[in-house]
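**Student:** Any chance you could fold what I've pasted below:
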Amino acid sequence: MPSADPLSNKEIEDRLAELPGWRLSLDGTALTRVYRLPHLRAAILALHIAGVQDELNHHSDLALGYDTLAVSITTHEGGGGLTAKDFDLAQRISELAPTHGAA
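**Tutor:** A predicted model of the protein is given here:
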């Protein structure tokens, strides 16, 4: 399982460059992304993400809107800060989102 040790700014910059569409939160403590897709598909994607989160034992905040699913990922343990676990979850979400028609 990936470490919960915070990544350096350089590591965060490098990993973020590999995740098109993902951004740092304004305070730099979370990875965020908003997917646009019809409401029912957004709800199904949220359920699929929940399954991945259980598999990885790492959970994000999900906000379901009319035609959006907003995702925010951060590590709360070990003093906070972004970790490899956050980027691994974001990568998995990026891989499954297109199968639900998310853009």
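**Student:** which residues does Val52 contact?
**Tutor:** Leu89, Arg92, Ile93, Leu96 (C-beta atoms under 8 Å, 6 or more residues apart in numbering). All C-beta spots, glycine's among them, are computed from the backbone N, C-alpha and C.
**Student:** Quick check: which element contains it?
**Tutor:** Here Val52, judged by DSSP states H and E, is contained in helix 39-56.
**Student:** and that helix, which residues are buried?
**Tutor:** Residues Ala42, Leu45, Ala46, His48, Ile49, Val52, Gln53 are the ones in helix 39-56 that count as buried (16 or more other C-beta atoms under 10 Å).
**Student:** In space, what's closest to the last one - neighbours in sequence excluded?
**Tutor:** This points to Gln53. The shortest distance from Gln53 to any non-neighbouring residue, by C-beta to C-beta, 6 or more residues apart in numbering, is to His59 (4.6 Å).
**Student:** right, and the one you found touches Gly51 too?
**Tutor:** No - in this structure, His59 is not within contact of Gly51 by C-beta atoms under 8 Å, at 11.4 Å.
**Student:** can you map out the helices along the protein?
**Tutor:** Along the chain, the segments classed as helices by DSSP state H run 9-17, 39-56, 84-96.
**Student:** Make JSON lines out of the ones you listed and add distance to Glu77.
**Tutor:** JSON lines is the format used below for the helices of the chain (distance: least, C-beta to C-beta, whole Å):
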{"stretch": "helix 9-17", "distance to Glu77": "17"}
{"stretch": "helix 39-56", "distance to Glu77": "14"}
{"stretch": "helix 84-96", "distance to Glu77": "9"}
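**Student:** Of these, which is nearest Leu64?
**Tutor:** helix 39-56 (5.8 Å; C-beta to C-beta).
**Student:** Using CSV, write out every CA atom in the closest one.
**Tutor:** What follows is helix 39-56, C-alpha atoms only, in CSV (Å, rounded to 0.1, in the frame of the first residue of the first chain):
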residue,chain,number,x,y,z
HIS,A,39,-27.2,12.9,-13.4
LEU,A,40,-27.9,9.2,-13.4
ARG,A,41,-24.5,8.4,-14.9
ALA,A,42,-22.9,10.7,-12.3
ALA,A,43,-24.6,8.8,-9.5
ILE,A,44,-23.4,5.5,-11.0
LEU,A,45,-19.8,6.8,-11.3
ALA,A,46,-20.0,7.9,-7.7
LEU,A,47,-20.9,4.3,-6.7
HIS,A,48,-18.1,3.0,-8.9
ILE,A,49,-15.6,5.4,-7.2
ALA,A,50,-16.9,4.3,-3.8
GLY,A,51,-15.9,0.7,-4.7
VAL,A,52,-12.4,1.8,-5.8
GLN,A,53,-12.1,3.7,-2.5
ASP,A,54,-12.9,0.7,-0.5
GLU,A,55,-10.4,-1.4,-2.5
LEU,A,56,-7.7,1.1,-1.9
